[in-house]
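Asker: Using only what follows, build the 3D model:
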Amino acid sequence: MNWVMLLVFVSMFAGVTVLGFWAARWHPGDLERLQEWGLAGRRFGTITSWFLLGGDIYTIFGIEVVLAEMGVPIEISLVIAFVILAAYTYMGGLRAPALIAMVKDVCLWLVVLVAIVYIPVRLGGFGKIFAAVFQKAAHHPATFHAFLPSTQYSAYATLALGSALALFLYPHTLTGILSTNSRKVVRRNAALLPAYTLLLSLIALLAFMAIAAGITPSPVYKANIALPALFARLFPPWFAGFSFAAIAIGALTPAAIMSIAGANLFTRNIYKEYLRPSCTEREESRVAKFASLLIKLGALAFILLLPTTDVINFQLLGGIWIIQTLPAVFLGLYTRWFHRHALAIGLIGGLLVGTWMIVSQNFTSSVYTISFAGLKIPAYAAVSALVVNLVCCTALTLLFRVLGVSAGRDATQPADYAANPVLVPQATTLEAQRDRNALADRMPKKAQESVVNRGR
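Answerer: Modelled structure (predicted):
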């Protein structure tokens with residue numbers, strides 16, 4: 001155990017913990033309201049939401065591997081981390097992971113940029129790194145490829161398509177989007193978020209560096225150990241500790257957002273809809289906070305009690321299941337053409353087909369090879385199941401219309417689609433206007449008119 005590395009790691013983690021508890025005072029609001037606790041009052045602008053969504057969508061899950069690399073007790077460390085996470089999320093709601101995401105992403109960008117420059121210098125340059133990669137590909141042609149083989153083109157393409165389609169169906173992603181203060185912010189982030197793809201591509205280069213550095217898979221964590229082992233071997237201890245802290249904090253950020261998203265869904269769509277339609281806003285907030293705690297407790301139990309392979313299996317199924325909601329949820333925003341019964345049957349069909357594709361392969365891969373007219377086409381099981389889903393929805397909609405089956409009544413109203421950010425208290429608005437007027441008194445006449453008019 002390297003004490004310098006551990007000291008830096010603990011110090012950074014402690015600092016972020018303090019920041020998480022302070023987040024309840026950041027952009028203060030009534031946290032006894034679900035809209036304030038679960039969506040931060042829908043007041044996040046472009047920068048905050050960019051960090052929040054980036055820290056949620058484009059992230060690295062590796063906290064357990066990092067702890068193992070440092071040689072600290074894993075179970076007790078995970079329990080402490082989740083207790084701290086639960087505490088500051090309960091107090092600050094979505095504000096806590098949003099604020100921490102800013103710090104985490106700045107640290108992670110710094111670590112990756114330093115690694116891209118520093119590690120190649122240690123290894124003798126990119127030429128030697130790529131030479132080591134090609135050498136490994138030549139020695140292990142059956143298990144390792146320097147380039148994507150042509151037989152995997154369809155699998156890669158459908159994985160990319162399926163990931164893109166599912167991206168904004170995940171509740172935790174939608175939670176970040178709904179916390180923004182306007183449609184313009186969402187559009188800006190749609191343009192800016194691909195910058196994180198550049199970050200991921202740089203991280204992929206670190207895997208090549210691990211090969212050149214002679215990092216080998218561990219018996220327990222397999223190839224997941226590559227990045228922490230690379231940092232521990234080539235970085236100075238203090239910067240390795242800094243890097244491990246950035247990775248660990250990065251793993252906690254999406255965990256917090258996911259628990260809040262799950263709590264929001266349960267409170268609004270189950271508790272208030274079916275159990276307590278007359279519940280107050282404060283009751284909503286209390287139920288959501290308690291549900292968030294239960295979700296975190298369940299996540300911790302999964303990590304500590306279930307084998308790693310089972311956790312991965314659930315993640316494979318989760319990606320396949322979530323995309324089957326696309327016809328009803330995503331397409332439903334643009335058209336009401338589909339029959340509701342057809343959407344339900346298509347959803348069930350897609351879930352069954354996608355699950356069967358994974359189970360039939362004993363959860364070894366999310367890619368299922370389809371045999372058609374003598375051709376074998378590897379494809380992402382989620383996309384193949386989605387095709388079945390859409391065919392069912394389309395065919396059954398036409399059939400139900402011919403048979404005259406009632407499509408039911410659309411109970412939504414225009415107000416259901418309106419964005420309603422929590423308004424800033426009137427006292428705050430008057431104070432801001434008074435400050436503008438005071439500033440205008442000290443400026444030339446033309447500038448005064450500009451400042452006052454802008455305030456109005």
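Asker: show me what contacts the closest residue to residue 316 other than its chain neighbours?
Answerer: In this structure, residue 316 finds its nearest non-sequential neighbour in residue 366, 4.9 Å apart by C-beta to C-beta, 6 or more residues apart in numbering. C-betas here are computed from N, CA, C, even on glycine. By C-beta atoms under 8 Å, 6 or more residues apart in numbering, the contact set of residue 366 is 159, 316, 319-320, 358, 380-382.
Asker: if we go to 7 Å?
Answerer: Contacts for residue 366 (C-beta atoms under 7 Å, 6 or more residues apart in numbering) come out as 316, 319-320, 358, 380-381.
Asker: now those in JSON lines, with neighbour count?
Answerer: Formatted as JSON lines, the contacts of residue 366 follow (neighbours: other C-beta atoms under 10 Å):
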{"residue": "316", "neighbour count": "20"}
{"residue": "319", "neighbour count": "20"}
{"residue": "320", "neighbour count": "27"}
{"residue": "358", "neighbour count": "22"}
{"residue": "380", "neighbour count": "27"}
{"residue": "381", "neighbour count": "28"}
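Asker: Which of the residues you listed fall within strands?
Answerer: residue 380 (DSSP state E).
Asker: Confidence-wise, which of the contacts of residue 366 comes last?
Answerer: Note: of the contacts of residue 366, the lowest pLDDT belongs to residue 316, at 78.
Asker: what ranges do the helices span in the stretch 151-300 of the chain?
Answerer: Secondary structure of the stretch 151-300 of the chain, counting by DSSP state H, counting those that start in this stretch: helices at 153-167, 171-178, 183-192, 195-212, 226-234, 237-266, 281-305.
Asker: Find the one among those with the highest mean neighbour count.
Answerer: helix 237-266 (a mean of 24; mean count of other C-beta atoms under 10 Å).
Asker: returning to that earlier point: from the contacts of residue 366, which is closest to residue 351?
Answerer: Nearest to residue 351 among those: residue 320, at 8.1 Å, using C-beta to C-beta.
Asker: That closest one and residue 354 touch, don't they?
Answerer: Yes. Here residue 320 reaches residue 354: they are 4.0 Å apart, a contact under C-beta atoms under 7 Å.
Asker: From residue 377, how far off is residue 153?
Answerer: Distance of residue 153 to residue 377, computed by C-beta to C-beta, to the nearest Å: 10 Å.
Asker: Point out where the stretch 201-350 of the chain drops to low pLDDT.
Answerer: Residues of the stretch 201-350 of the chain that meet the criterion pLDDT under 70 lie in 308-310.
Asker: 90 instead, please
Answerer: Screening the stretch 201-350 of the chain residue by residue with the criterion pLDDT under 90, one finds the ranges 201, 203-204, 216-227, 246-255, 268, 273, 276-281, 298-319, 328-337.
Asker: and if you look at the stretch 351-456 of the chain?
Answerer: 359, 361-366, 370-376, 404-456.
Asker: Would you map the helices across it?
Answerer: 381-403, 426-441, 445-455.
Asker: Show me how this structure divides into domains.
Answerer: Taking automatic domain parsing as the reference, the chain has its domains at 3-157+169-305, 323-407, 426-455.
Asker: Just send those domains back as a markdown table, with distance to residue 311 too.
Answerer: Formatted as a markdown table, those follow (distance: least, C-beta to C-beta, whole Å):
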| stretch | distance to residue 311 |
| --- | --- |
| domain 3-157+169-305 | 6 |
| domain 323-407 | 11 |
| domain 426-455 | 45 |
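Asker: Of these, which is nearest residue 163?
Answerer: Residue 163 lies closest to domain 323-407 among these, at 8.3 Å (C-beta to C-beta).
Asker: what separates the closest residue to residue 329 other than its chain neighbours from residue 269, distance-wise?
Answerer: Nearest residue to residue 329 in three dimensions, chain neighbours excluded: residue 169, at 6.2 Å (C-beta to C-beta, 6+ apart). Per C-beta to C-beta, residue 169 is found 15 Å from residue 269.
Asker: Between these two, tell me which one has more neighbours.
Answerer: Between residue 169 and residue 269, residue 169 has the larger neighbour count (other C-beta atoms under 10 Å), namely 15 against 10.
Asker: what about residue 18, how many residues close to it?
Answerer: For residue 18, using other C-beta under 10 Å, the count is 10.
Asker: what does residue 386 give?
Answerer: There are 26 residues near residue 386, going by other C-beta under 10 Å.
Asker: Hmm, residue 382 is touching residue 163, no?
Answerer: No. Look at residue 382 against residue 163 with C-beta under 7 Å: they stay out of range, at 8.8 Å.
Asker: Okay, buried residues for the helix or strand hosting residue 91 please.
Answerer: Using DSSP states H and E, residue 91 maps to helix 74-92. By neighbour count on 16 or more other C-beta atoms under 10 Å, the buried set for helix 74-92 is 74, 77-78, 81-82, 84-86, 88-92.
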